[in-house]
Structure formats: structure tokens, C-alpha cells
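Visitor: this one's sequence-less:
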């Protein structure tokens, strides 16, 4: 893996790029794009981040790269989304999770080279990637504008399951990763939890089987009537033994013990590489209890420890991390947390956003994706 940080002075923009480019194999990149505020309105900042994206795609090293998905982190999604136009390059999500560097917009892009990428492939605007007999489906930004958080969650999951059926997939066998963004997470999260629990049980997803790696976090969809926004990644064409769930039982417990339904992390093994997908992880112990209430420094350290143990179970460390998203409840903790991350993980593309965690006592949460070279002769290459 190779990290590169590019500062575009004329644009006041920074590109943090992690590249995984094994010779003769599929290449992957995760990029985080940031802009300086410069006292500009949203349109100016958005224009500069688009120019930074164009610069990224014009780099010689990126020849042949295609976007798989993009996520925009916005400070005011309802007013800003209509100013952004329509992006048909891939599946895209727009979520109000204000970047904590005082800008109005930041961007996460995942790219590949050496695969067949089909953007906007269906009614839910999924991106499909086909290669070596695998079919990867990324579907971002799903919302509905009717009902409670319970009703909207159920509606979104039913619609997503129908989409998977169109590709001869099922939620239980093929969905690898989900993101649930919740408007006013302190009051609306419970409805999501109950609806997800009931829906998953109908698919045979129960404590005795498995759940799905996930993040459930505060975030406002652009539509003011939307209480929930869903994003998903599904995979077809893999053997069951290529997927392994991560538990880190020395530090964490099963989430079902405190009434929620997601896995702490998932390891996907391909012939030439492994992917570790780490769910939203906070300062929690093996009893499901919040640790170090009110102490942002100790919560951050315990969060790192938990993520480290999950990656260790996957045979990896944070040296394999390709990207990080950090969610903070209190924006005034940003400088403290940013300094800690810059000291410990200076060479990983990272975005810090204002996004309350699902329990008020949790001050911080993070998620990441890690990539490791491997030689798994029983499986097809990525």
C-alpha cells in the first residue's frame, strides 16, 4: 500500500490517497478530498473539490481508474444537495455530517482499475463491478420520505432485498456491509433497531447465524422528510468460506446481547488479497458497556484498541488501513482528536465529521477498510 498526500495550493484542496496496486492485478484506491473554507459559500467550495477530483483522475498513476462510489459529507445537505447537480459516474451518497475542518464539504471516493465497472446500473442507481466471476454491487444514498424511522427502515430493507433478488442474491447470503444514517439519532435510532431486527429475523439473520457489518450513526439525508439513509455493499460469486466474521471477544461482545444486529467486522478473502471491513466501533468493553464516559482522550484510545483487536483477528494491523472515517458527537473535541490521529495514523486517508453516535455517552466512533496482500490458492483473485 502506498500513501500519497497532494496539496493543491491554487485550489486550497488536499487529496489523501491510499493506493493498492499489485502488479498485473486489480488496483484499488481510497481517496479523501478536503478543501479549505477560504470564506467561500458552498458553491465555491464544491467547485474546488470537483476540480481536485479532476486533478486526481488526471494523475498518470490513475490512468484507467474508475469510480466505484462517492460519498459527500455536507454541512447543510438540504440546501447544498440541489446545488450539486447529478453525478452519473457511479453510485453516490450525500449526507449531512459536517466536516470538522470548518469546510462545507469533504469527499470519499473508492476507485478501481482492471475490472468492469457499470455505473448507475438499476433503479436504485447501484454501481456493479464484474471481474473473475465476482459481481460486486454498491448501492448508496437510499431514502424514502414517508413514515417513522421504523417504517422507513423496513421500507428501505424490503426494497433493497427486492433489488438483490433481481441479481439472484439475498440479503442473508450476499450483503456484506451496510450504513444506516439516522436523523436525530438520539430519538430515531430505536425505530431503526427494531425494524432491522424484525426484518433480519425474517431473512434468517439471528444471533445463532450471523448479521452484517454495519455503521449506524447520526446523519441527515438531504430530504427533510427522510429519517433514514441506507447504503449497502453486496457480493456474488464467492464461496461461504471466503467470508469470516470478526468478534475480538477479549475486548468486545456480540451486539445482539444489547439488542442490536450487526457484526463487528468482516474479513473477505480473495485469491490475491484480503479485505477487512470494520464496522462503526466505539469505546466499549466485552460486557457491552460504554467505557470512559466524558473522557474523549481515553475513549479514543479504547476505540483504537478495539479496532486493533478486530484487525488482529483478521491477521492485519492499522498499517493495512486504506481509509478511516471518524465520527464525533461534540465538534469542540475535534482539535484534540485530530492531533491524536495525526500522531498515531498520519498516513491514512481520514475524514472527521460531526455525527452523534447511537448512545449519547459515546463521544467518538470510527470505521475503516483494510487491504492486505494474500495468496489464497483456493479462491479466485479479486
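Guide: Nice, I can see it. Here the structure is a predicted model, which means the values were calculated and not measured. Numbers count the residues shown, from 1 in each chain.

Visitor: use CA for all of it now, contacts and neighbours both
Guide: Will do.

Visitor: Tell me if I am right that residue 201 is in a helix.
Guide: Yes - Residue 201: assigned to a helix according to DSSP: H, G, I helix; E, B strand; the rest coil.

Visitor: dump the residue contacts of it.
Guide: Listed by C-alpha atoms under 8 Å, 6 or more residues apart in numbering, residue 201 has no contact partners.

Visitor: quick thing: my sequence starts at 296, can you match it?
Guide: Okay, using 296 as the starting number, the last item reads as residue 496.

Visitor: quick one, strands of the stretch 546-677 of the chain?
Guide: For the stretch 546-677 of the chain, the strands defined by DSSP state E, counting those that start in this stretch cover 560-564, 568-576, 616-623, 645-649, 659-668.

Visitor: Which one of these lies nearest to residue 527?
Guide: Proximity to residue 527 (C-alpha to C-alpha) singles out strand 568-576 among the strands of the stretch 546-677 of the chain, at 12.5 Å.

Visitor: got a list of contacts for the closest one?
Guide: The set of residues external to strand 568-576 that reach it, using C-alpha under 8 Å, 6+ apart, is 472, 508-511, 558-564, 598, 601-602, 605-606, 609, 660-671, 676-677.

Visitor: Separate out the buried members of these.
Guide: Buried by 16 or more other C-alpha atoms under 10 Å: 472, 508-511, 558-564, 598, 601-602, 605-606, 609, 660-668, 676-677, out of those.

Visitor: Near the closest residue to residue 594 other than its chain neighbours, how many residues? Count them for me, please.
Guide: Nearest non-adjacent residue to residue 594, counting by C-alpha to C-alpha, 6 or more residues apart in numbering: residue 578, 5.1 Å away. When neighbours are counted by other C-alpha atoms under 10 Å, residue 578 registers 29.

Visitor: Could I get the full set of strands for the stretch 346-495 of the chain?
Guide: With strands called from DSSP E, counting those that start in this stretch, the stretch 346-495 of the chain shows them at 361-369, 386-391, 400-408, 411-413, 422-426, 429-437, 470-477.

Visitor: With mean pLDDT and distance to residue 530 as new columns, can those strands be given to me in a markdown table?
Guide: What follows is the strands of the stretch 346-495 of the chain, written out as a markdown table (pLDDT from 0 to 100; distance: least, C-alpha to C-alpha, whole Å):
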| stretch | mean pLDDT | distance to residue 530 |
| --- | --- | --- |
| strand 361-369 | 98 | 14 |
| strand 386-391 | 98 | 16 |
| strand 400-408 | 98 | 16 |
| strand 411-413 | 98 | 14 |
| strand 422-426 | 98 | 10 |
| strand 429-437 | 98 | 5 |
| strand 470-477 | 98 | 6 |
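
Visitor: how about the ones you listed in CSV, adding distance to residue 316?
Guide: Conversion of the strands of the stretch 346-495 of the chain to CSV gives the following (distance: least, C-alpha to C-alpha, whole Å):
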stretch, distance to residue 316
strand 361-369, 14
strand 386-391, 23
strand 400-408, 9
strand 411-413, 17
strand 422-426, 16
strand 429-437, 19
strand 470-477, 23
